[in-house]
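Asks: sequence first, then the predicted structure:
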Amino acid sequence: MTEKVVKVYSTPNCPWCRRTKQFLENNNIKYQDMNVAEDKAARNEMIEVTHQLSVPAITIDGQIIIGFKENELKEKLGIK
Amino acid sequence: MFDLIIIGGGPAGMTAAVYAARKKINTLMLAREIGGQVVWTGKVENYMGYQFIEGFELMEKFEQQLKQFPIDLRSGEEAVSVKKTAFGFEVGVRSGRVFQSRALIVATGKIPRRLNVPGEETLTGRGVSYCAVCDAPVFAEMDVAVVGGGNSALEAIDDLLKIASKVYSISEKGFTGDEVLIDRVKDNPKLVCFKSHQVTEIGGRERVESITFKNILNGEKTLASVSGIFVEIGLIPNSNLVKDLVKVNNLDEIVIDCRTATRLAGLFAAGDVTDTPEKQIIIAAGEGAKAALQAQRYLSRLTV
């Protein structure tokens, strides 16, 4: 199975962003941490790709999840 | 069919779930998110057993404890309807699925008060935000509006003034929060205040483009171009789901007795959604425990 490309668009003080990243780490999923507070290009990419101005926004091989939704993450990542 | 469904993933709901699991009640837990409002709380210094703990961390500990038990936990599943049936209750979730149970515990806490104006719902997440702590940094160098004048509104304004180009403050009563916070923001040249104003509409197609607000004294309307709108007008009990089934007070809190029972047999409520005085983590947790034990008594009476 090829590894899925996971991106987490986040801000430093957002609890749900922290939860999302922790969840991925606990499940040994590699992800790119896109800090939209620091990185303007990341922010613009987030808005363009997800049409959202809220974090966390997660993309898994281009599929978009808005907010920390454990079940949806599990399903899209194939975590049992 | 479950014996018990618990709606809500805050301290009340999670504690209820642990108690239910220990009583071997066949339980389903539906939680839009785990942790509830506590996740937003900073330091907690009054939850016994921890001299000091971050709200976020405390809820992680709750969750770890909860997961020790064989609970059918569906986080991310938001309950959207509750019906009374001949056998008990039927709970519909946003994804369209329906679950049934013989008893029900509602521990849905409080949620941010909405403006209830056109455009708000469709543009939520697309410029309309209820979480300045999370989303403020996204609006660097943009024009934004903050609705409300209390402490959370002032904190949002303070955060946004550091990064946004212009911040409109729209409130009915002006700033009502702490003086320290007011002093921090009031003379900032980027801040434009509209006191005695009410939001009437949020405009935009894909994303927020404008906000319209009305002077409550003379009815005059103003339209401002903004990319973000932060709604900080307080919290309300999240009781809508069962409002037609139970009694609520004038604040929309679910009325319960000292046994966490509502007007409807088999439906219990716990935590900040109820009329219990004082909204505290430890009180919500204690009440969740009570609700589960009462639900167990109710269930055992049913099977006699």
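Replies: Perfect, I can see it now.

Asks: all contacts plus neighbour counts: C-alpha atoms, from now on.
Replies: OK.

Asks: can you give me the helices in chain A?
Replies: A:15-26, A:40-50, A:70-77 (DSSP state H).

Asks: any idea how far apart the tips of stretch A:19-34 sit?
Replies: Using CA to CA, to the nearest Å, the end-to-end distance of stretch A:19-34 comes to 15 Å.

Asks: in JSON lines, list the helices of chain A along with mean pLDDT, mean neighbour count and distance to chain B.
Replies: As requested, those are exported to JSON lines (pLDDT from 0 to 100; neighbours: other CA atoms under 10 Å in any protein chain shown; distance: least, CA to the nearest CA, whole Å):
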{"stretch": "helix A:15-26", "mean pLDDT": "90", "mean neighbour count": "18", "distance to chain B": "7"}
{"stretch": "helix A:40-50", "mean pLDDT": "94", "mean neighbour count": "17", "distance to chain B": "7"}
{"stretch": "helix A:70-77", "mean pLDDT": "88", "mean neighbour count": "16", "distance to chain B": "6"}
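
Asks: flag the shaky bits of the stretch 201-304 of chain B, pLDDT-wise.
Replies: Within the stretch 201-304 of chain B, the stretches with pLDDT under 70 are B:304.

Asks: near chain A, which residues of it?
Replies: B:206-207 (CA under 8 Å from any CA of the partner chain).

Asks: show me where the stretch 201-304 of chain B has strands.
Replies: B:210-215, B:221-225, B:228-231, B:235-237, B:267-269 (DSSP state E, counting those that start in this stretch).

Asks: from these, which stretch is densest packed?
Replies: A comparison of those by mean neighbour count, using mean count of other CA atoms under 10 Å in any protein chain shown, puts strand B:267-269 on top with a mean of 29.

Asks: contact partners of that strand?
Replies: Strand B:267-269 has contacts (CA atoms under 8 Å, 6 or more residues apart in numbering or on different chains) with B:103-107, B:254, B:256, B:260-262, B:288, B:291, B:295.

Asks: what do you get for stretch B:241-252?
Replies: Against stretch B:241-252 from outside (CA under 8 Å, 6+ apart): B:79-82, B:84, B:236-237, B:239, B:254-255, B:262-264, B:275.

Asks: for stretch A:65-80, same thing?
Replies: Contacts with stretch A:65-80, where a contact means CA under 8 Å, 6+ apart, come from A:4, A:16-17, A:19-20, A:27, A:54-60, B:33, B:74-76.

Asks: stretch B:19-32: which residues count as buried?
Replies: Buried positions in stretch B:19-32, judged by neighbour count with 16 or more other CA atoms under 10 Å in any protein chain shown: B:19-21, B:25-32.

Asks: pull out the buried members of the contacts of strand B:267-269.
Replies: For the contacts of strand B:267-269, buried by 16+ other CA under 10 Å: B:103-107, B:254, B:256, B:260-262, B:288, B:291, B:295.

Asks: now those as JSON lines including distance to A:Asn71?
Replies: Listed next are those as JSON lines, based on distance: CA to CA, whole Å:
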{"residue": "B:Ala103", "distance to A:Asn71": "25"}
{"residue": "B:Leu104", "distance to A:Asn71": "22"}
{"residue": "B:Ile105", "distance to A:Asn71": "22"}
{"residue": "B:Val106", "distance to A:Asn71": "21"}
{"residue": "B:Ala107", "distance to A:Asn71": "20"}
{"residue": "B:Ile254", "distance to A:Asn71": "29"}
{"residue": "B:Ile256", "distance to A:Asn71": "32"}
{"residue": "B:Thr260", "distance to A:Asn71": "30"}
{"residue": "B:Ala261", "distance to A:Asn71": "31"}
{"residue": "B:Thr262", "distance to A:Asn71": "31"}
{"residue": "B:Gly288", "distance to A:Asn71": "24"}
{"residue": "B:Ala291", "distance to A:Asn71": "26"}
{"residue": "B:Ala295", "distance to A:Asn71": "27"}
